[in-house]
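*Asks:* Got a predicted model here, sequence first, then my questions.
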Number of protein chains: 2
Amino acid sequence: MDSPSDQTRVTQREPESAEQPKWVYAFGAGHADGSAALKNILGGKGAHLAEMSRLGLPVPPGFSISSDVCRAYYKAGRALPEELKPMVDEALKLVGETAGSRFGDPKDPLLVSVRSGSRASMPGMMDTVLNLGLNDETVEGIAARFGDRRFAYDSYRRFIQMYGDVVLGIDHHLFEEKLEHFKNMRGYELDTDLTDEEWLEIIRLYKELVDKELGEPFPQDLHDQLWGAIAAVFGSWQNARAIAYRRLHDIPDDWGTAVNIQAMVFGNRGDKSATGVAFTRNPSTGEKELYGEFLINAQGEDVVSGMRTPQSLTAQARRDSNDRRDSLEEAMPETFAELCAVCDKLESHFRDMQDIEFTVEEGTLWMLQTRNGKRTMPAALKIAADMASEGVISREEAVLSINAAQLDQLLHPTIDPDAPKEVIGRGLAASPGAASGELVFDADEAVHLRAQGHTVILARVETSPEDVQGMHAAAGIVTTRGGMTSHAAVVARGMGRPCVSGATRVQIDLEKETLSAGGVTLRKGDIVTLDGSTGEIIKGRVSTRQPEMSDSFATLMAWADEFRHLEIRANADSEFDAAQARDFGAEGIGLCRTEHMFFDENRISVMREMIIAEDVEGRREALAKLLPMQREDFIGLFEIMAGQPVTIRLLDPPLHEFLPHDEAHITEVAEAMGISRNRLARRVDALREFNPMLGHRGSRLLVSYPEIAEMQARAIFEAALIAGERLGAPVLPEIMVPLVTLKAELDIIRTYIDRAAAVVSEERGQTLDYTVGTMMELPRACLAAGDIGLSADFFSFGTNDLTQTTFGLSRDDAGRFLGEYSDKGIIHHDPFMTLDDGVRELMTIGLERGRAAHPGLKIGICGEHGGDPATIRFCEEIGVDYVSCSPYRVPIARLAAAQASLGSAFTLS
Amino acid sequence: MDSPSDQTRVTQREPESAEQPKWVYAFGAGHADGSAALKNILGGKGAHLAEMSRLGLPVPPGFSISSDVCRAYYKAGRALPEELKPMVDEALKLVGETAGSRFGDPKDPLLVSVRSGSRASMPGMMDTVLNLGLNDETVEGIAARFGDRRFAYDSYRRFIQMYGDVVLGIDHHLFEEKLEHFKNMRGYELDTDLTDEEWLEIIRLYKELVDKELGEPFPQDLHDQLWGAIAAVFGSWQNARAIAYRRLHDIPDDWGTAVNIQAMVFGNRGDKSATGVAFTRNPSTGEKELYGEFLINAQGEDVVSGMRTPQSLTAQARRDSNDRRDSLEEAMPETFAELCAVCDKLESHFRDMQDIEFTVEEGTLWMLQTRNGKRTMPAALKIAADMASEGVISREEAVLSINAAQLDQLLHPTIDPDAPKEVIGRGLAASPGAASGELVFDADEAVHLRAQGHTVILARVETSPEDVQGMHAAAGIVTTRGGMTSHAAVVARGMGRPCVSGATRVQIDLEKETLSAGGVTLRKGDIVTLDGSTGEIIKGRVSTRQPEMSDSFATLMAWADEFRHLEIRANADSEFDAAQARDFGAEGIGLCRTEHMFFDENRISVMREMIIAEDVEGRREALAKLLPMQREDFIGLFEIMAGQPVTIRLLDPPLHEFLPHDEAHITEVAEAMGISRNRLARRVDALREFNPMLGHRGSRLLVSYPEIAEMQARAIFEAALIAGERLGAPVLPEIMVPLVTLKAELDIIRTYIDRAAAVVSEERGQTLDYTVGTMMELPRACLAAGDIGLSADFFSFGTNDLTQTTFGLSRDDAGRFLGEYSDKGIIHHDPFMTLDDGVRELMTIGLERGRAAHPGLKIGICGEHGGDPATIRFCEEIGVDYVSCSPYRVPIARLAAAQASLGSAFTLS
């Protein structure tokens, strides 16, 4: 920042006692006590008003009461400190001097606005009072000064209404009713139909209303008005909608708000007056052009109220929108030029696109607010890339300016905006992306149809853990109940499936298997399209677009890659996923879950043969049939990744996951397998587990069935040699052993792998290079990392399971109460989305002990958290080597990793 | 120890080079290089022979080769170090000088024994060679010296057989066959029938056998014999049975064995010779009396071989056993007196009951071994108490001398030894105690019958996690498959149920529901008795005895209570358990699991009503019916514990545990409840969980259903006031919130509890004192203990669930592979029996952080580990305040806590 804060003349007197903290900061007329650097105590609005004053921009004089006073106010049980009074009086006097009028002067009274302003933007959440300083006496002074009684009375009645609502707690509808009734009695349509005398009558009616509601008259003492307004603004920090907003945006309750008191300027003083808002660049596209709208002879609230249609700022925009009314550029060319100059100055000073509010009072331009403008993700990318190219910001700053998590918006398939679509219903946009498929109403059926190659959309009233397999099998999920943290929403986001949840006006009849909405009834098998980014439910198939990456995106990603330390890999179990990951810039596969390769209809029957086999020979026979299929899988992955590392995890889930569970399916599968129903049922029974998550899986399974590890290792090694030949360069597979708690587990399985390598190497007469590592996904593994690290070439933190066991929380079952936990404020983040502190500590322990025992041990992370920017920042901090996430999240991870390396991260402005 | 090790004359020359370690330790004739203190390198036998020499007791001279040489032997690939040779030669010379004969002297040859001896007793696991020093030449010297050719030839043939077997690897049956054949040809029955010439013929036949088997003659070089024997004894450290024994007893492989070489003395030199074993006290009862047996004119092996029936040592014992043969006391009164004096000296020197071996050679007493004697648990208690009373040991030493874990033997109901019983089969003694009941073959049926008040014994081929509820419902479990670490064994021990596992010769027919063994077939409903301490399966009911505690037990427990710091409580859910706990000396209840109170038939139907209720009003209605029952439960517990602390845990399990799960039961229960089958089935479905262990339970359930916590808290508080009035002293309930991971969970539930307290206090006009704490049973809770501790009055580590989550291991499912893990050496201890290191670390973290945040925070442990001595030692070390275990384990815990406080613990002698 180049604000000369140290050399600035102090316009506000020093506090009387050295111990008295500074609570009031004046600004205006080219000077200010505060600056943008004091945003934490002056709030965004106050700090930027001060900064604009310092820049010599035309800011109506005023002062900010710091948020420290807000805290003092609450600490004292909603009472303002006595010591504040003289400071405010002093500051108000100074404002009057600068503005050339005096607060309470019956001849030429100063009017002020009283507004909130916290360090985080909370638009519209807190209260504002305008036109303060009017009473029965001063209103006449205004009338005289402006020579306009109508304007004066209109301002006064507006003030009574606003003050009555905000400070005195009288519902604003009561005032509006009075006015409407008055107009109706006289047959008036517009406010402008009222004469000045009639406005006086309205004032009388309003005052009568206040007297009746409160039992005492509307305050005529201007200082009472002022202190009432200040207290009301501080008080609005704790109103229900502000609290809810803060909860939603993670804003601490104890930040408090500042109060800004500023001389009023009037955009409604005639045709040479106006008010408007402007963005220094197009917030939608990021184009470098003044963007915004204004109204002649209006106040700020008129622009947002929608009563009048605002006009364009630029001639070009007017032409583009076919508006016959003059643009600001045409109507007030000098003011427009001045505004453009101000915008340039603000943008280069704040080094970001600005969102400003301005008022023109009888030809004079006044700046009322500036802040970093909100923008769409494509605009954010373009602005960052452009500003770095223009030299306004550095490339590092450009990378840091993007909210990595929001990149997600760009990375999913979207509904083709040009395609016709019949939207029949709407719900919550619970998980982004779009998908079309056949409607099914039963999770098992979804699994079944998926296995037969159908693409299905699962519709449920709500989902439960029983539906998880079905959700996985579905291309999209729609529910009629539940919110953004419902089971369906949480699980779908975790799986990367588009989801529309809580579509309350849609009827699902599970018996008849129909979905009815908007007068349309769809049956099982009908095609439906979901847009999880908008919440739309659409009849029939709508073409979707694969995400398209702009030049700015590519530019920023390239810069990010220069800055980041962390290697970014993807979790990919298929050639399709691998290609997607590579296209998104993944530098390898960090997790290939081999079990996903066995759910295909041909293969699952062989898997089942193996599971049903009575002995190791029987199992080997079945595994021999799987071997060539696995080999082809791995050849495909190796070829696509063309020399980049590929980490393959050996079979992880308990065997019962591959068997049918209910009576009907057992019968069906037994028939298909040509074995007796009883035999299959017995095996299903024998394998059933109380807590499969904590059961016979991962390394435990491989210890019991070495032949599985041997087959998989053989497939990997054969594939590596074949792919290596085709690629003309050796492939180095990384074999990962799942769910290890004890070094001995890894040691034993490692011997199976080594043996397979020796056999394949011997058979083919070629040498083989590979590494063997382990998932770190249990608390004990992290604690014993010093031991396990001795036997591992690499660790990969499996944060999904680590979170489940650290918390003692089954992800499949937690949906039942996590929503309630969030509602009751027991948790602030879903631990399956954002790494919990306990899990972080265990990871840190695991990493430190692992590296201490095995210097240079390669350490990564896979699991849902891998694509979460906060997790990536944490990984950078503790020294993780690589992060692996779902292919769609690879760009997010690349950007977040760069931001983490740059030592800072995107923070909400 | 009072052995004058520093002042002893060194009888063995110092090693030649200063760098040469001392490998050979001589003893005999009142002097010794070693002492009892060198047990770690000389082994128990060698160290005690040295110590006896130092005490001036008659020990045949000899020397020990240290176990360092054993390690060197294996390090060199089973080769003895060259440097050992001169040391052994030197030592052997010294032995000859002391014995008055010379190794290899054809006129008067020295014969020696070569025996193993490790620091831990491994009886019979390793090899021994006796009578070494005989060849065709020296045998004549022996014949001449003793004037007894028969004796000389018999000794030589014994030597060839033993050496042939142990050193040369020729099966001893081959030698025995030769001898049998020879005797059969001549019609001889006894060895004594052979003449000296015939023995010479046997020797010839034996040597021929060796020649034929090995292709070379039996070694005549005495030094070859000696080195062969030394190497063989070292080699036997790694024989299969020694390795297995070490695994079973946790003896490290690298300890190695020492080798003891000692001049032979002969108890078979005529009627003035004898050999025997003696205990300085009765090892069965602990009575202070010489106890043992001997044989006149015999060698040690004859006493153990069972060919001749040994005679009593004392006249009293002879009379008691109606033996007409003289006792040692009568046959050799002088020797007997000498032996008694030696025993007294040994016992007071070693300060423990001794188990000795002696030989009398032609009237001269020789001591061959002494060691601390093994004893039964009742004897151990009596000996410790007596020796402390006698002033031989201190009370602290008496307490330390008892193996706390083995106290278990005394604490379970046992079969009345006087009752007639028809044992029909046998299996492994998998879990101690005895029980009778009706035979059932199905776990669900066990649950069902138990609910109807029947006492049942569950018989299964093997058990699986599906059977766990049934096992809990059964009074005892019998299986035909599986070992000591099978699912049945592990779970039964955990539950404290008697179990006979792996009864391989018993047939169970699950279809016909029969159990057949020993020609008897029992049907469902027939009464059977199991003795889990012996493995017996008994037809019909046999009366059992409640454990009876001796005076010595009471004495030692009283001493233990003086020494221990840890408070000992019991886990008790019923008045019966509480009374048992109090009788065993518990100082309070550390865990009352309230859910167990709801499985009673009357109550479970009300529980189900609550679970089925559509809304909170419906639930409250059902809970109101449970309230008076709960109140009575708690009044009972408070009255029995009479002012001692009682910790009551609020409802923990997921609600589906109270609902039926299979079709048949659902129909039945729905009918009984008078609701539609569908409604119940829907609720069962809705509550079903993938991983109940990680599901909607504990504090999570209470957050969702505050009315449950409120009802329970109210019942507790009302009961406390009522019981307090009856007892005439206030009751201070401790309320425990289960499964907490987040401080907010505890805070919320605490408000429900506080509210209930305020209401009850108001209603009854009495003040209420109580504390609220939490189970620490999840890794995250331990890590977040600094936070949670701020809201808790106490912590109780729930090590069962903490182990499950730390390990990611479901106790109900782990049975499937823990046995295999143990067999493969992956784990050495079941983590559910012995605290795992990772769990220990988390507990330490939890304790430290909890106390740092909340100084003086009371901390306990409950769960199966609470009664494990090693766990108790750990709890003492880290500063836990109290331990809570099952009532039967309370005495173990009291003793183990005292041992922990005394800073040492029982170690295997």
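*Replies:* It's in.

*Asks:* got any ranges where chain A has weak pLDDT?
*Replies:* A:1-19, A:303-307, A:465-466, A:482-486, A:490-491, A:493-496, A:904-909 (pLDDT under 70).

*Asks:* And it, what are its domain boundaries?
*Replies:* As assigned by automatic domain parsing, chain A contains the domains A:4-263, A:274-375, A:413-545, A:564-654+A:689-901, A:655-688.

*Asks:* Of all the ones you listed, which one is nearest chain B?
*Replies:* Chain B sits nearest to domain A:564-654+A:689-901 of all the domains of chain A, at 3.6 Å, using CB to the nearest CB. All C-beta atoms are positioned from the backbone trio N, CA, C, and that covers glycine.

*Asks:* For my notes, please list the domains of chain A in JSON lines and give distance to residue B:880 and mean neighbour count for each entry.
*Replies:* Below are the domains of chain A laid out as JSON lines (distance: least, CB to CB, whole Å; neighbours: other CB atoms under 10 Å in any protein chain shown):
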{"stretch": "domain A:4-263", "distance to residue B:880": "37", "mean neighbour count": "18"}
{"stretch": "domain A:274-375", "distance to residue B:880": "55", "mean neighbour count": "19"}
{"stretch": "domain A:413-545", "distance to residue B:880": "37", "mean neighbour count": "20"}
{"stretch": "domain A:564-654+A:689-901", "distance to residue B:880": "19", "mean neighbour count": "22"}
{"stretch": "domain A:655-688", "distance to residue B:880": "38", "mean neighbour count": "16"}
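
*Asks:* want to throw these into JSON lines with distance to chain B?
*Replies:* Formatted as JSON lines, the domains of chain A follow (distance: least, CB to the nearest CB, whole Å):
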{"stretch": "domain A:4-263", "distance to chain B": "14"}
{"stretch": "domain A:274-375", "distance to chain B": "33"}
{"stretch": "domain A:413-545", "distance to chain B": "5"}
{"stretch": "domain A:564-654+A:689-901", "distance to chain B": "4"}
{"stretch": "domain A:655-688", "distance to chain B": "7"}
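
*Asks:* For residue B:585, which of those domains is the nearest?
*Replies:* Comparison of those against residue B:585 by CB to CB identifies domain A:564-654+A:689-901 as nearest, at 33.6 Å.

*Asks:* hmm, back to that, save the domains of chain A as CSV, and put in distance to residue B:577 too.
*Replies:* What follows is those, written out as CSV (distance: least, CB to CB, whole Å):
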stretch, distance to residue B:577
domain A:4-263, 47
domain A:274-375, 65
domain A:413-545, 35
domain A:564-654+A:689-901, 25
domain A:655-688, 32
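
*Asks:* what comes into contact with stretch A:544-553?
*Replies:* With contact meaning CB atoms under 8 Å, 6 or more residues apart in numbering or on different chains, stretch A:544-553 is reached by A:286, A:378, A:381-382, A:384-386, A:410-416, A:434-436, A:529, A:891.

*Asks:* can you tell me how far residue A:831 sits from residue A:821?
*Replies:* 10 Å (CB to CB, to the nearest Å).

*Asks:* and what of residue A:217?
*Replies:* 50 Å.

*Asks:* again with residue A:403
*Replies:* Counting by CB to CB - residue A:403 and residue A:821 are separated by 26 Å.

*Asks:* Mind checking which of the contacts of stretch A:544-553 are in helices?
*Replies:* Judged by DSSP state H, these include A:378, A:381, A:382, A:384, A:385, A:386, A:891 as members of helices.

*Asks:* Relative to residue B:684, which of those is nearest.
*Replies:* residue A:891 (45.1 Å).

*Asks:* wait, what's in contact with that closest one?
*Replies:* Per CB under 8 Å, 6+ apart, neighbours of residue A:891: A:407, A:410, A:411, A:553, A:557, A:584, A:585.

*Asks:* so where's the longest helix in chain A?
*Replies:* Looking across chain A with DSSP H, the single longest helix is helix A:616-641.

*Asks:* What is it packed up against?
*Replies:* With contacts defined as 3 or more CB pairs under 8 Å, 6 or more residues apart in numbering or on different chains; DSSP states H and E, helix A:616-641 has these neighbours: helix A:575-583, strand A:589-593, helix A:601-612, strand A:646-649, helix A:706-727.

*Asks:* Nearest to residue B:751, out of those?
*Replies:* With CB to CB as the criterion, residue B:751 lies closest to strand A:589-593 of the helices and strands packed on helix A:616-641, at 43.3 Å.

*Asks:* got a list of contacts for that closest one?
*Replies:* Defining contact as CB under 8 Å, 6+ apart, one finds that strand A:589-593 is touched by A:569-573, A:578, A:581, A:637, A:641, A:644-649, A:652, A:736, A:796, A:860, A:862-863, A:866, A:882-885.

*Asks:* tell me the angle that strand makes with helix A:616-641.
*Replies:* Comparing the axes of strand A:589-593 and helix A:616-641 via axes from the mean of the first three to the mean of the last three CA atoms, to 10 degrees yields an angle of 150 degrees.

*Asks:* Give the full set of residues in contact with residue A:315.
*Replies:* By CB under 8 Å, 6+ apart, the residues touching residue A:315 are A:327, A:329, A:330.

*Asks:* Touching, residue A:709 and residue A:648? I think so.
*Replies:* No: counting by CB atoms under 8 Å, residue A:709 does not reach residue A:648; the two are 11.6 Å apart.

*Asks:* that older thread, redo the helices and strands packed on helix A:616-641 as TSV? Include distance to residue A:815.
*Replies:* TSV is the format used below for those (distance: least, CB to CB, whole Å):
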stretch	distance to residue A:815
helix A:575-583	25
strand A:589-593	22
helix A:601-612	27
strand A:646-649	26
helix A:706-727	32
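
*Asks:* Need the buried ones from the ones in helices among the contacts of stretch A:544-553 selected in PyMOL.
*Replies:* The PyMOL selection below is limited to those of these classed as buried (16 or more other CB atoms under 10 Å in any protein chain shown):
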select buried, chain A and resi 378+381+382+384+385+386+891
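
*Asks:* Return the closest of the ones in helices among the contacts of stretch A:544-553 with respect to chain B.
*Replies:* residue A:891 (31.8 Å).

*Asks:* Tell me which of the helices and strands packed on helix A:616-641 sits nearest to residue A:291.
*Replies:* Residue A:291 lies closest to helix A:575-583 among these, at 33.3 Å (CB to CB).

*Asks:* Convert the C-alpha atoms of the closest one to CSV, please.
*Replies:* Listed next in CSV are the C-alpha coordinates belonging to helix A:575-583 (Å, rounded to 0.1, in the frame of the first residue of the first chain):
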residue,chain,number,x,y,z
GLU,A,575,-8.6,-45.1,-18.5
PHE,A,576,-11.3,-42.6,-18.8
ASP,A,577,-10.5,-41.0,-15.4
ALA,A,578,-6.8,-41.2,-16.1
ALA,A,579,-7.2,-39.4,-19.4
GLN,A,580,-9.3,-36.7,-17.7
ALA,A,581,-6.7,-36.4,-15.0
ARG,A,582,-3.9,-36.0,-17.5
ASP,A,583,-5.9,-33.4,-19.4
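
*Asks:* other SSEs contacting that helix?
*Replies:* By 3+ CB pairs under 8 Å, 6+ apart, helix A:575-583 packs against strand A:567-571, helix A:616-641.
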